[in-house]
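Novice: coords below, sequence missing:
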């Protein structure tokens, strides 16, 4: 029975923890005596997940089957890393999330980053694009190019990637609700540049479940978006083998206020759901699971984050093997991109953010990440300047090439604390999986607002802890400086919006209106039939320079729009 | 048998929380909703992506004392102004408007001039925000006092 | 603006006047409430539809769906009640989320209120608010209760038609619902008919109705994703002609009297000198207060 899978896991883990008699003795004989003598009153330490942290961990804290649970790098259950030689063989990809203003502005920034040693591209889109509106929609007013680059039609993609060889560099696109449209644009762009689709590589985020959970950028009801994910999954499995059709993301769940455990549990629960979708679409798990990738947050509690990454790998491998019957090792290997936490950046004393980002980036590297974005120190103020983004990239380069952290694989493995924490986080995640199952699965749990409420509660608790000085944030509630001097920030001129609108008008005049209409009509008919894969139809619309809003509106018409659940 | 709950002699402040643009960052809104509730207020949250018209319509129908606008996406100058324009056009003067989000210093005087006060940035203490809302709501209540006696 | 303008506004269906009048009713005293109600009492004739049921069954979604359909047959107003926090007295009123879009589209007035810790699923002044909505020319007033399950039974005293919403998969909650809510429903709605276990749940409800001696109470299944079978629910609402005015007014009379008595005596209760209370039986003190208001000052009150 499915239910019992999670419960069985929890039982198994509970049993694997031993009673630590030596530690109890030390605590009584030595520690308490010392504390008494020095007048130290014991207080409770917790991490972001409100797990109790002891003052000392010993050999007895390791699980009973420690050797098996740990394994070797590149071997099941991949606790120590998915590759045998990890960062020795290949450094993580340094992928800086960027995009702002017009496509031309962004093109310039991408080239600047490549020149400075960036090894992968990552595109940030503005709010109108993320919600599937064109730049000339009334609702887009004031938002074009503000939080990312604006893309209204294929023309904008052509500008962004002008002079960049798509067969040489991989591209990650943070786009979700209109993911199928942006994916189609990227594929068509490659076609137009005469690059074989089998040669292009990259990732599209496309993780809609976490949108309902955390980032709240959706267009249609969940069922419609999930169908589009199925279509991307099956289309790229067949035609674009190096394309990661989904990046299951915990990043936004964490930024929305969750704990590390909640980030891990909800993200993996989403991941399992996408596996179910692929299987329901008639694919074998080993056909599509290897191309599923993940995206996590790295926050400021150093050991908790490293443990989270290690637990993620172990859970994914175990569940894919035991529950889904995966045989291909690549299906069991959880590969992930990491971004340092935006939430921990402070508006106050912004230079301190460089240190925070460094600690978080180190946790990601210790945790065995495959690629990394480091935030810039000025991002609590605005999108980063050239200068700030360079410091962020240099941070990664210093970790990679000066610190020696990546020289040894999983170098903190074996730390009593880290190993214990990894196991405990793993168990907490299994408890959430079991709870989610009781609520009728992740989709129901999201529709009911359960997941959103869990996150909101954690976030509120955190805020109260900061207000009460139980959690310290340097420069915000301690070591406060009275006169914060404004720093130099990137200002997106409103001219970007005007230029985009003007360009869009030109494109609309130039394109073949009849072809646009016909391809949109064909898409509409295809949408009505659940069994049709929409990707070729969307690509057809894109080719004719149909805009992101025109294509999205066909879906809005057929599927309807979505309003969030009430959580309070 | 129900008895009257005397707690409510104080007439709770009614506040509308809104993000009047396409901006899904709602962590802060939920923290504020909880904080205002825990400060004894009645909080209306009408969901994401309202148009400025919907914000004003909701404020009027719910007869709130205060509208709290928040945006983290840099569109505050456009979106907040839209809300103010509609309020002004409808001749509504007895609803206070407070703002917050990532608002650069240079924008704050402009917002104040439009009648939007507070304009709290990241890291502001909840108690500071609550105090400000109470002060503004107090002004509004004074304005409305005895209006219909 | 004075009270007569306000009343004129209500009778003309002006939303700002309606909204302000509701605030006055919620926040002011008995006298001011009476003043407004006196002037509007004779106006309007609405069908009051109560929507109740445990959390998570889709009450807001159903209201969001039926409101536009009903608006073909008349003017709609909605009153939604949310619970107050027992600690602060504050509340988060989130019922508009799912309805916002249709409100403006179909010109529906909706008001969210806190129950202000009043028990039973409504608020103390729900009657007055409904009266205002009625006078504003509403043909249908949809009242959504707090939705805490078995204790939400006050709606039967207020609505002309009480609809109990249920959904499959409630688990243990269904038992709690049965113990309280089977008695109050004029109709039972099984939402989420797309779920496999929906038919079993319907059968279960029908059996419970047998046991509760209400075998003829209708049970309607709905699918809120596809809007399947909504027309039978709408049809049922339109055909329903039961009125509940007497019960509604008796509830209100009881509240007015309790409030007046309380207002009269509360000042004495609040200001009884705590030192003089020691060792005294509260029954005796209450007797004293109610028997003899004038003589109290010397006996219990602080100087």
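Specialist: Thanks, I have it. The structure displayed is predicted, hence computed values, not measured ones.
Novice: quick check: can you list the domain ranges of chain C?
Specialist: Listed by automatic domain parsing, the domain ranges of chain C are C:44-243, C:251-297.
Novice: out of these, nearest to chain A?
Specialist: domain C:44-243 (4.0 Å; C-beta to the nearest C-beta). Heads up, the C-betas are built off the backbone N, CA and C, glycines and all.
Novice: can you give me the strands for the chain?
Specialist: Since you didn't name a chain, this refers to chain A. Assigned strands in chain A, in chain order: A:45-46, A:52-53, A:93-98, A:120-124, A:171-174, A:202-204, A:243-244, A:246-249, A:292-298, A:336-340, A:371-373 (criterion: DSSP state E).
Novice: let me rephrase: I mean chain B.
Specialist: Using DSSP E, strands in chain B cover B:14-18, B:42-45, B:66-71, B:96-101, B:116-120.
Novice: starting at the chain centroid, how far to the first one?
Specialist: Strand B:14-18 has its C-alpha centroid displaced from the chain centroid by 5 Å (C-alpha atoms, centre = their mean, to the nearest Å).
Novice: quick one: residue A:383 and residue A:491 touch, right?
Specialist: No - in this structure, residue A:383 is not within contact of residue A:491 by C-beta atoms under 8 Å, at 9.3 Å.
Novice: higher neighbour count, the two?
Specialist: residue A:383 (24 against 12; other C-beta atoms under 10 Å in any protein chain shown).
Novice: spatially central residue in chain C, please.
Specialist: residue C:122 (3.4 Å; C-alpha atoms, centre = their mean).
Novice: what kind of secondary structure is that residue in?
Specialist: The local conformation at residue C:122, judged by DSSP: H, G, I helix; E, B strand; the rest coil, is coil.
Novice: wait, what's in contact with the closest residue in space to it that isn't next to it in sequence?
Specialist: Nearest non-adjacent residue to residue C:122, counting by C-beta to C-beta, 6 or more residues apart in numbering or on different chains: residue C:154, 4.7 Å away. Residues in contact with residue C:154 (C-beta atoms under 8 Å, 6 or more residues apart in numbering or on different chains) are C:119-122, C:145, C:251.
Novice: out of those residues, who's nearest chain B?
Specialist: Nearest to chain B out of those is residue C:119 (C-beta to the nearest C-beta; 5.4 Å).
Novice: pretty sure that closest one sits in a strand.
Specialist: No - if the criterion is three-state DSSP, then residue C:119 is coil and not within a strand.
Novice: for the stretch 101-250 of chain C, give me the ranges with low pLDDT.
Specialist: The stretch 101-250 of chain C contains residues with pLDDT under 70 at C:171-173, C:176.
Novice: the closest residue to chain B within the stretch 51-200 of chain A: neighbour count?
Specialist: Per C-beta to the nearest C-beta, residue A:142 is where the stretch 51-200 of chain A lies closest to chain B, at 2.7 Å. Residue A:142: 23 surrounding residues under other C-beta under 10 Å.
Novice: how about the nearest residue to it, chain neighbours excluded?
Specialist: Closest to residue A:142 by C-beta to C-beta, 6+ apart is residue B:78, at 2.7 Å.
Novice: ok, residue A:474 next?
Specialist: residue A:352 (6.0 Å).
Novice: now do the contacts for the one you found.
Specialist: Residue A:352 makes contacts with A:346, A:377, A:474-475, as judged by C-beta under 8 Å, 6+ apart.
Novice: so residue A:339 sits against residue A:294, correct?
Specialist: No - between residue A:339 and residue A:294 there is no contact under C-beta under 8 Å: 11.8 Å.
Novice: near residue 15, how many other residues are there?
Specialist: As the question left the chain open, I've gone with chain A. 11.
Novice: you answered for a different chain; I wanted chain B.
Specialist: 28.
Novice: contact partners for it?
Specialist: B:36, B:41-44, B:64-68, B:133, B:137 are the contacts of residue B:15 under C-beta under 8 Å, 6+ apart.
Novice: in TSV, list these along with distance to chain A, neighbour count and pLDDT.
Specialist: Shown next, in TSV, are the contacts of residue B:15 (distance: C-beta to the nearest C-beta, whole Å; neighbours: other C-beta atoms under 10 Å in any protein chain shown; pLDDT from 0 to 100):
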residue	distance to chain A	neighbour count	pLDDT
B:36	11	28	97
B:41	13	27	97
B:42	12	27	97
B:43	8	29	98
B:44	11	27	97
B:64	17	25	98
B:65	20	27	97
B:66	18	25	98
B:67	18	26	98
B:68	16	28	97
B:133	16	24	98
B:137	21	22	96
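Novice: ends of stretch A:115-131, how far apart?
Specialist: 32 Å (C-alpha to C-alpha, to the nearest Å).
Novice: that stretch near chain C at all?
Specialist: No - among the residues of stretch A:115-131, none lie within reach of chain C under C-beta under 8 Å from any C-beta of the partner chain; the closest is 15.4 Å away.
Novice: go through that stretch and flag the buried ones.
Specialist: Buried positions in stretch A:115-131, judged by neighbour count with 16 or more other C-beta atoms under 10 Å in any protein chain shown: A:118-131.
Novice: could you see whether chain B lies near it?
Specialist: Yes - Stretch A:115-131 lies within reach of chain B by C-beta under 8 Å from any C-beta, at A:127-128, A:130-131.
Novice: what residues does chain C have near chain A?
Specialist: C:56, C:60, C:92, C:94-95, C:97-98, C:100-101, C:169, C:225.
Novice: and the closest residue to residue B:100 other than its chain neighbours, how close does it get to chain C?
Specialist: In space, and not counting its chain neighbours, residue B:100 is closest to residue B:120: 4.2 Å by C-beta to C-beta, 6+ apart. Distance of residue B:120 to chain C, given as C-beta to the nearest C-beta, to the nearest Å: 20 Å.
Novice: how about residue B:120, what does it touch?
Specialist: B:99-101, B:128-129, B:132.
Novice: hmm, 10 Å instead?
Specialist: B:28, B:32, B:68, B:70, B:98-101, B:103, B:108, B:126, B:128-129, B:132 (C-beta atoms under 10 Å, 6 or more residues apart in numbering or on different chains).
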